[in-house]
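Enquirer: Need a 3D model of the sequence below.
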Amino acid sequence: MKRLILLLPLAIFLAVALFLYRGLFLDPSELPSALIDKPVPAFSLPAVLDDGVITQDDLKGKPALVNVWATWCVSCRVEHPVLNKLAERGVVIHGINYKDDNADAQKWLQEFHNPYQLNINDEQGSLGLNLGVYGAPETFLIDKDGIIRHKFVGVIDERVWREQLAPLYQGLVDEAEQ
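Expert: Numbering: from 1, shown residues only. Coordinates of the predicted model:
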């Protein structure tokens, strides 16, 4: 019995060490989302650029990227030129301006251009919370029915777009055309 009590701390240490070791090989951009294959949560929030109100129904109709961004987000500044290029190529992108001052967001879009067809002002972060957002930038791929099909955490650059997101987006576009 004494031997078992002496070995218990060693067994606990080994279990914790194994758990932490496994974590070294996980990809942080692949954070799981409980919302995959579920509709975008219901919301009714103001638009960034006008006095309109946007709801989850406004996101339906075409497959799209739903990009969570903010003016305080340094990584969003890196990602923004890529989003502008994608929008020029015809990729449908909607924005969620997350926990940000709307005047700052309007100034940002005027200065750096606006790739978003719809841009939601989520100043309180309620939509972000319902989407399980950890921070900005995060991007969701939704199908034409507003169903979340994929979540990407981090900066979308040309390589990420080409290797990961473009094939998924094109698959949703092809599915929508059938």
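
Enquirer: What ranges in this protein fall below the confidence cut-off?
Expert: 1-4, 6, 10-11, 13-15, 17-32 (pLDDT under 70).

Enquirer: what ranges do the strands span in the protein?
Expert: When assigned using DSSP state E, the strands of the chain occupy the ranges 44-46, 53-55, 64-69, 93-98, 118-122, 138-142, 148-153.

Enquirer: Ok, which of those strands comes nearest Ile36?
Expert: Set against Ile36 and scored by Cβ to Cβ, these come closest in strand 148-153, at 5.9 Å. Yep, even glycine has a C-beta here, placed from its N, CA and C like the rest.

Enquirer: List the pairing partners of that closest one within its sheet, with orientation.
Expert: Next to strand 148-153 in the sheet, as set by DSSP bridges, lie strand 138-142 (antiparallel).

Enquirer: Format the strands of the chain as TSV; extra columns: mean neighbour count and distance to Gln164.
Expert: Below are the strands of the chain laid out as TSV (neighbours: other Cβ atoms under 10 Å; distance: least, Cβ to Cβ, whole Å):
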stretch	mean neighbour count	distance to Gln164
strand 44-46	15	28
strand 53-55	16	27
strand 64-69	25	12
strand 93-98	26	16
strand 118-122	23	23
strand 138-142	23	10
strand 148-153	20	7
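
Enquirer: As TSV, these with distance to Ile12 would be great.
Expert: Below are the strands of the chain laid out as TSV (distance: least, Cβ to Cβ, whole Å):
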stretch	distance to Ile12
strand 44-46	47
strand 53-55	50
strand 64-69	39
strand 93-98	39
strand 118-122	42
strand 138-142	35
strand 148-153	31
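
Enquirer: And the nearest residue to Tyr116 once chain neighbours are set aside, how close does it get to Glu163?
Expert: Setting aside the residues directly before and after it, Tyr116 is nearest to Gly95 in space (Cβ to Cβ, 6 or more residues apart in numbering), at 3.7 Å. Shown here: Gly95 relative to Glu163, a distance of 23 Å by Cβ to Cβ, to the nearest Å.
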